[in-house]
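**Q** Output the structure for:
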Amino acid sequence: MVKQVEFKEDWGNSQRIEWEQGQAVTEGTITSGNELGESTASIPTQLYRRLGLAMPRWLFWILTVSIGATLSGLLVSSLALWTPLWSTTERTDEELAWSGKTAEKAALPEDLWSDISQYKLTRPMNILLMGIEPVAGTTDGSPESFAGKSDTMILVRLNPDNKSIRVLSIPKDTMISIPEKGLSKVADANSQGGPALALRTISRSLSNAPIDRYIRISTSGLQQLVNQLGGVDVFIPQAMQSEAGSKQLPINLVNGWQTLNGEQAEQFVRYRTPKMADLERVQRQQVLFAALRERLSSPAVVPRLPQLIRVMRKYFDTDLKLAEMMALVNFSTNVERDNFQMTILPGIFSRLSADPDSYWLDLTGQVDLLRNYVGVNIGGMQSITKPLPSLKIAIQNAANESGLTEKVVNSFKQKGFAKVYPIADWSDIQHKTQIIVQKGSREQGEALQKSLGFGDVEVAATGDLESDITIRVGRDWK
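**A** Residues are numbered from 1 along each chain as shown. Predicted coordinates for the structure are as follows:
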């Protein structure tokens, strides 16, 4: 028996429909223009026991995607409380118990977890992940604790048509028009109108992109999460220290590979410099994202997973229903690493505005990004695909070889690449060259890889922020 979970295309009136042995059952409206269902979703501890001690790939993906939303800011400001816009949709006793609306979270039906492969995602789905700043005077896991600004916003697109996951990081300083509120930073939407307003705002800003569900995560769980994992391994390219007299969290991290505990992980993602401010934090969010992914795949972590799940349960608020979560879990197990891609919402800083940190959205020519990352097809507009020689390519020496950067830059210029430039050496020695697609498409990275004859292609916003592609030259350079 296969249960197919479909999310209706019409955003603002989405429905979930299950087919069981050919019989369709409509579950009812989940989201509407000003109203969204509330349920605090989590993955029960019983699942770990039922899957055994082999690394559960589904948990690896679900935690990786969800945890990514907690990693960017973690500020400690005091914010006004708001009245949550909870849905009046009726819930069954079973759903209420599972979602945490009763005093005790009940165990799930045993047959639910017996064969997770029966749940299928039938069409592309967009989920908005929000890492919520702490709200003074609230208790973790309470509705009020999710009423703060969204210090991190990530739009995740899961597409069964090409078995891919796309992650679009939205800088919190992005200037947008909030309906009925006016021009503001995107981080304000959740605190001014809850998830309903946040979804509506992001959708309008991205050419009316459909957003099917949301997940809000209380940022206070980050330290406990990292500590439960026994720390995470992160390479710190340069020492990070907060300025004397700064009101920010005290930060003191040294250069090199470090195993960060929870407090240090918070320091890592909160550190910012004046040059690129929020974009650099988004980059570190993606670096920590990858580090968590690696840590979750470690055999040493597997015995800690039940405790990890218990710790994380109260930090989630979502309108995902049980069968929907199962479909996402099953889908994620079949996504290959090359089909997991991340980027940053394109835009520019306005140094002439009253707020020099404000980030202004620029979707000019971003037809491919809108199609691949949010599922919007804009008729009459053509994608602007740059020829390889016109790409801005940053060259970084990661082989600890004197004169290598200049040699590589000259090699590219001789081949007709006009916008190649050197950046500071990467102190972590790489044996294999990394071709990091900072902007653009994986196809462009693969074309460069073919031209070079070596190197690994990665689509992530972890290269030089000014580049289209960053080449971190390893010792395999010929």
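**Q** Residue 285 and residue 452: what is the separation?
**A** Here the criterion is Cβ to Cβ, to the nearest Å. By it, residue 285 lies 29 Å from residue 452. To be clear about C-beta, it is placed using only N, CA and C from the backbone, and glycine gets the same treatment.
**Q** Check residue 400 too.
**A** For residue 400, the distance to residue 452 - Cβ to Cβ - is 20 Å.
**Q** again with residue 257
**A** For residue 257, the distance to residue 452 - Cβ to Cβ - is 27 Å.
**Q** do residue 346 as well
**A** Taken as Cβ to Cβ, the span from residue 346 to residue 452 is 26 Å.
**Q** Comparing residue 400 and residue 452, which residue is more hemmed in?
**A** A count of neighbours by other Cβ atoms under 10 Å puts residue 452 above the other of residue 400 and residue 452, at 18 against 13.
**Q** Look at the closest residue in space to that one that isn't next to it in sequence and say how many residues are nearby.
**A** Spatial nearest neighbour of residue 452, excluding adjacent residues (Cβ to Cβ, 6 or more residues apart in numbering): residue 433 at 7.3 Å. If you count neighbours by other Cβ under 10 Å, residue 433 ends up with 21.
**Q** Now do the same contact list for residue 433.
**A** Going by Cβ atoms under 8 Å, 6 or more residues apart in numbering, residue 433 touches 398, 452, 454-456, 471-474, 476-477.
**Q** so what are the domain limits for this protein?
**A** 3-374, 388-473 (automatic domain parsing).
**Q** Please report phi then psi for the residue nearest to residue 167 when sequence neighbours are not counted.
**A** Setting aside the residues directly before and after it, residue 167 is nearest to residue 342 in space (Cβ to Cβ, 6+ apart), at 4.2 Å. Here is the backbone geometry of residue 342 (degrees, to the nearest 10): phi -130, psi 150.
**Q** Who are the contact partners of residue 342?
**A** 166-169, 286, 289, 459-461.
**Q** Show me those residues that map onto helices.
**A** Counting by DSSP state H, these place 286, 289 in helices.
**Q** For residue 371, state which of the contacts of residue 342 is nearest.
**A** Of all the contacts of residue 342, residue 166 has the smallest distance to residue 371: 10.2 Å, by Cβ to Cβ.
**Q** what is the closest one paired to in the beta sheet?
**A** Beta bridges link residue 166 to residue 157, residue 341, judged by DSSP bridges.
**Q** Which residue ranges of the protein form helices?
**A** Listed in chain order, the helices of the chain (DSSP H) span 46-51, 57-67, 93-99, 189-205, 222-228, 262-270, 277-296, 305-312, 322-332, 367-369, 404-414, 442-452.
**Q** in the shortest one, what counts as buried?
**A** Across helix 367-369, burial judged by 16 or more other Cβ atoms under 10 Å covers 367, 369.
**Q** I figured residue 175 hits residue 359, correct?
**A** Yes. Using Cβ atoms under 8 Å, residue 175 is in contact with residue 359, at 6.6 Å.
**Q** So these two - more neighbours on which side?
**A** Neighbour comparison, residue 175 and residue 359: the larger count goes to residue 359, with 26 against 18 (by other Cβ under 10 Å).
**Q** partners of the more buried one in the sheet?
**A** Residues in beta-bridge contact with residue 359 (DSSP bridges): residue 174, residue 349.
**Q** so what's it up against?
**A** 171, 173-175, 278-279, 347-349.
**Q** on that earlier part again, filter the contacts of residue 342 down to the buried ones.
**A** 166-169, 286, 289, 459-461.
**Q** And for the residue lying closest to residue 463 once chain neighbours are set aside, the neighbour number?
**A** Leaving aside its sequence neighbours, residue 463 sits nearest to residue 470 (Cβ to Cβ, 6+ apart; 2.8 Å). Applying other Cβ under 10 Å, we find 24 residues neighbouring residue 470.
**Q** what's the spacing between residue 470 and residue 175?
**A** Residue 470 is 27 Å from residue 175, by Cβ to Cβ.
**Q** Distance of residue 447 relative to residue 385?
**A** The value you get for residue 447 to residue 385, if Cβ to Cβ is used, is 11 Å.
**Q** Let me fix that, I meant to ask about residue 316.
**A** In terms of Cβ to Cβ, residue 316 sits 39 Å off from residue 385.
**Q** who's more crowded, the two?
**A** Ranked by neighbour count (other Cβ under 10 Å), residue 316 and residue 385 place residue 316 first, with 23 against 13.
**Q** doesn't residue 215 make contact with that one?
**A** Yes. If you go by Cβ under 8 Å, residue 316 and residue 215 touch, sitting 6.5 Å apart.
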